[in-house]
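Participant: Would you be able to build a 3D model of this:
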Amino acid sequence: MNAHDSDFAGAEIAKLHYGDGDFAVLKPGRYVVCAVTGQKVPLEQLRYWSAELQEAYAGPGEALKRWRETHPNV
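Facilitator: Residues are numbered from 1 along each chain as shown. Predicted structure coming up:
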């Protein structure tokens, strides 16, 4: 299954707590939403998130973009 499957559209959004290296499911669902792009990210494909900001990212480019936005002086 991926975000383009027809049954994905009606799927529930999951609520997660993002930790350092893992996440905990607070509300079951099939996907989370990328904080940068708004793209639906299936939980089985979720690899990038921020424990500090408690948000998910679709990929490494989106994670880097948000990190640069939140750490402008680094």
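Participant: Can you say which helix or strand has L64 in it?
Facilitator: Per DSSP states H and E: L64 is located in helix 60-70.
Participant: Could you tell me how many residues sit around P60?
Facilitator: 10 (other Cβ atoms under 10 Å). C-beta here means a position set from N, CA and C on the backbone, and glycine is covered the same way.
Participant: picking up where we left off before, any idea of the mean pLDDT for the helix holding L64?
Facilitator: The average pLDDT within helix 60-70 is 97.
Participant: same check, this time on stretch 26-44
Facilitator: Stretch 26-44 comes out at a mean pLDDT of 97.
Participant: what's the nearest residue to E55 if we skip its chain neighbours?
Facilitator: For E55, ignoring the flanking residues on the chain, the nearest one in space by Cβ to Cβ, 6 or more residues apart in numbering is A35 at 3.7 Å.
Participant: what residues are up against that neighbour?
Facilitator: With contact taken as Cβ atoms under 8 Å, 6 or more residues apart in numbering, A35 is in contact with 50, 53, 55-57, 62, 66.
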